[in-house]
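[1] sequence plus predicted model, see below.
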Amino acid sequence: MNMKSVLVVVSLLLSVAIGLVLGRGGVARDPGEKRPLIGLSLDTLKEERWQADADLFKKRCEELGADVLVQAANGDDTRQINDVQALISRNVDVIVIVPHDGAAMAKGVQAAHEAGIPVIAYDRLIKNCDLDIYLSFDNVKVGRLQAQWILDHLPTPGKGRIVLANGSKTDNNAFLFHQGAMEVFQPAIDRGEVKIVWEDWTEDWKLENAKKIVNAAISKLGPNGFDAVLAAADGVAAGAIQALHEEGLAGKVLVTGQDAELVACQKIVAGTQSMTIYKPLKKLATKAADVAVKMAGGNPIIATQSVNNGLIDVPAILGDIFAVDKTNLRETVIADGFQSEKAVYGSAPQN
Ligand code: GAL
């Protein structure tokens, strides 16, 4: 068997695997087929946010006459590299990746490039590789807005004891959120007004790991030992709130978040989560689909920003984000149709 036939056989086997993962029987590609085929490789579909991204991305691609193969790796780097290999074997035109580990995925980008397939990093940067383009939000601003919200709402103004429940160290975004938060906290720390009393990173962004961080903070500092938890995202906030709840502290300690997930919005209404960051996912997913389909057609993409990934300045498109709390849920998340009034407030709308 020569190399080409080996590749064809491997490709056929992988096609069956993808068809099963998608439960959609796979997309048949005839030779000379004109419909673009886009691969989407996700870290996970287990968080509400990524399910929304995948649905919106797929919908837009289909509107543009392209098909999408979706893979989710459940936070497993080896599996995600295999997912990318499978998409390469399916001869996709472009691969869009949300990496679980932004450093480990450089290998996936290299493999795609060897097969002549361009790669888009979606929301999370892929480090130290010749990435084609990066689409995300202003992630440093996420951290800035979370920290500023805490400073503006401390029970005793100018006196804050803060627990930092950062994101996952495998995710470049987690460092950007942290950087933004510290830019805002540092001057207040220097003035002696704010103290970071506990800090840890939430492995794999998992709720149970975030809960452990806040459990540990409570055991070490006591139930009255801190005023706020800067939780990097809504899943982290959910873990933090569980830990606070066990001690009767939910609603008494400020808790930030990110993603405007439905449960987080409901907790904002209930008062157990203080705020979240709304990132207009529809804009991101739509833009990514537009870029992917354009790239599939060999068309040039215009990106006015760039982000250094350790090897190159990657052309980037970064959207804006918004702080949301109970005072502006309606004008932001609900007005945008991201969550419904009924789902957020329950069947009886409140004022
Ligand atoms: C980040 C993302 C956040 C959040 C988090 C956990 O990379 O930017 O919006 O979803 O992952 O999945």
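    Received it, and whenever you're ready, just let me know what you need.
[2] just the strands from the stretch 151-300 of the chain, written as ranges.
    In the stretch 151-300 of the chain, the strands defined using DSSP state E, counting those that start in this stretch lie at 160-166, 194-201, 228-231, 254-255, 275-278.
[3] ok, the first one: who's next to it in the sheet?
    Put plainly, it is strand 160-166. Here strand 160-166 is paired, per DSSP bridges, with strand 194-201 (parallel), strand 228-231 (parallel).
[4] just name the most buried of the ones you listed.
    When the strands paired with strand 160-166 are scored by mean count of other CB atoms under 10 Å, the highest mean neighbour count falls to strand 228-231 (a mean of 29). (C-beta placed from N, C-alpha, C; glycine too.)
[5] quick one: low-confidence residue ranges for the stretch 201-350 of the chain.
    Within the stretch 201-350 of the chain, the stretches with pLDDT under 70 are 347-350.
[6] which bits of it sit near the ligand?
    Within the stretch 201-350 of the chain, the positions lying close to the ligand (CB under 6 Å from any ligand atom) are 205, 233, 235, 258-259.
[7] residue 98 is in contact with residue 43, correct?
    Yes - look at residue 43 against residue 98 with CB atoms under 8 Å: they come within range, at 5.2 Å.
[8] which of those two has more residues huddled nearby?
    Neighbours of residue 43 and residue 98, each counted by other CB atoms under 10 Å, are more numerous for residue 43; the result is 28 against 25.
[9] so how far is residue 307 from residue 315?
    Distance check for residue 315 against residue 307: by CB to CB, to the nearest Å, it reads 9 Å.
[10] now do the shared contacts for these two.
    Listed as contacting both residue 315 and residue 307 by CB atoms under 8 Å, 6 or more residues apart in numbering are residue 134.
[11] isn't there a helix covering residue 323?
    No - Residue 323: not assigned to a helix; according to DSSP: H, G, I helix; E, B strand; the rest coil it is strand.
[12] excluding sequence neighbours, find me the nearest residue to it.
    Nearest non-adjacent residue to residue 323, counting by CB to CB, 6 or more residues apart in numbering: residue 145, 4.2 Å away.
[13] if we can go back for a sec, pipe the strands paired with strand 160-166 into a markdown table and attach distance to residue 107 per row.
    Listed next are the strands paired with strand 160-166 as a markdown table, based on distance: least, CB to CB, whole Å:
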| stretch | distance to residue 107 |
| --- | --- |
| strand 194-201 | 23 |
| strand 228-231 | 31 |
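[14] just give me the residue right at the centre of this structure.
    residue 123 (5.8 Å; CA atoms, centre = their mean).
[15] hang on, residue 120 in a strand?
    Yes - judged by three-state DSSP, residue 120 forms part of a strand.
[16] for it, name its beta-bridge partners.
    Bridge pairing for residue 120 - DSSP bridges - gives residue 96, residue 133.
[17] distance of residue 217 from residue 239?
    From residue 217 over to residue 239 (counting by CB to CB), the distance is 12 Å.
[18] residues in the stretch 51-200 of the chain within reach of the ligand, list them.
    So far as CB under 6 Å from any ligand atom goes, the stretch 51-200 of the chain lies against the ligand at 123-124, 171, 173.
[19] what's the farthest-apart pair in those?
    123 and 171 (9.4 Å; CB to CB).
[20] would you turn the strands of the stretch 151-300 of the chain into a markdown table with distance to residue 129?
    Formatted as a markdown table, the strands of the stretch 151-300 of the chain follow (distance: least, CB to CB, whole Å):
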| stretch | distance to residue 129 |
| --- | --- |
| strand 160-166 | 24 |
| strand 194-201 | 23 |
| strand 228-231 | 30 |
| strand 254-255 | 36 |
| strand 275-278 | 28 |
